[in-house]
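>>> just a sequence and a predicted model for now, questions to come.
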Amino acid sequence: MPETGEYEIIKTRRLNPGAFEMTVWAPEISDAAVPGQFVHIRCGAERLLRRPISICDAEKGALRLVIGERGEGTKWLAGLKAGQKIDLLGPLGRGFTIDAGGEPVLLVGGGIGVPPLLFAAKRLSGRAHAAVGFCDKDAVMLVGTLNECCAGVCLSTDDGSAGVHGYVDTLVRKNLESIHFGRILACGPRPMLRAVAACAREYQVPCEVSLEERMGCGVGACLVCACKMKKDDGFTYKHVCSDGPVFDANEVIWDE
Ligand code: FES
């Protein structure tokens, strides 16, 4: 059952010009969370809609969240300091599959899609390899931390200012050519996920993607996040908030 309440901010830290990290003391949420799940955050009394934020890490009662400043709500969150309280609902949604087997897993992230992969990398205990992409060197974040818990990390930027010049799917292809992976877990913008899903199909590796959608309630009650997905020969609608946000890449209708 998701928990809701006011939780104390332990620490905040800027990661790059457009994103910051917030660590919150929330044992009930932290202890129950699995990689790929999210929390729904209230952004001040005057904003009715909460913002869904992926869980970047959950350990010993603390919840680590990385928030991209995209609008008024997240800018308001950026102004909060350690010692203040924040209203959270979570953990929510269906997370990534963390197989018990020993096969390597490829984590693929783009931009603000990178933080939840850190939680997955930690749970995979050294079996994870990560391929992460950002628009430029100023947007790069968490690569050092990923390096500490992955067997290998490679980086690309769209403009070539850090790592390999190009999109992250180039790195995915290179990884798939040299290592046999049991699964790919991906989080990032939809065009990136679509490209990763195509690579996974080509190399016949099971792939899960974390989709991003606008959300209202966050618990499957309002239909704001409804998304058209494949079913037999037709389609069905699923809720990104409660059926996802993680889905099998083969379920997604990428042309929508
Ligand atoms: Fe309300 Fe998903 S956000 S149903």
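Yep, that arrived.

>>> how about the residues of this structure near the ligand?
Residues of the chain found near the ligand, taking C-beta under 6 Å from any ligand atom as the criterion, are 215-218, 220-225, 239, 241. Just so you know, the C-beta spots here come from the backbone N, C-alpha and C atoms, and that holds for glycine as well.

>>> buried among these? Make that a ChimeraX selection.
The ChimeraX command for the buried members of the residues of the chain next to the ligand (criterion: 16 or more other C-beta atoms under 10 Å) is given here:
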select :215,216,217,218,220,225,239,241
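
>>> could you dump the residues of the chain next to the ligand to CSV with pLDDT and secondary structure?
Below are those laid out as CSV (pLDDT from 0 to 100; DSSP: H, G, I helix; E, B strand; the rest coil):
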residue, pLDDT, secondary structure
215, 92, coil
216, 92, coil
217, 93, coil
218, 92, coil
220, 92, coil
221, 92, coil
222, 92, coil
223, 87, coil
224, 93, coil
225, 95, coil
239, 96, strand
241, 96, coil
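
>>> let's have the residues of the chain next to the ligand in JSON lines, adding distance to residue 174.
Shown next, in JSON lines, are those (distance: C-beta to C-beta, whole Å):
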{"residue": "215", "distance to residue 174": "34"}
{"residue": "216", "distance to residue 174": "40"}
{"residue": "217", "distance to residue 174": "41"}
{"residue": "218", "distance to residue 174": "37"}
{"residue": "220", "distance to residue 174": "39"}
{"residue": "221", "distance to residue 174": "43"}
{"residue": "222", "distance to residue 174": "42"}
{"residue": "223", "distance to residue 174": "40"}
{"residue": "224", "distance to residue 174": "38"}
{"residue": "225", "distance to residue 174": "34"}
{"residue": "239", "distance to residue 174": "35"}
{"residue": "241", "distance to residue 174": "34"}
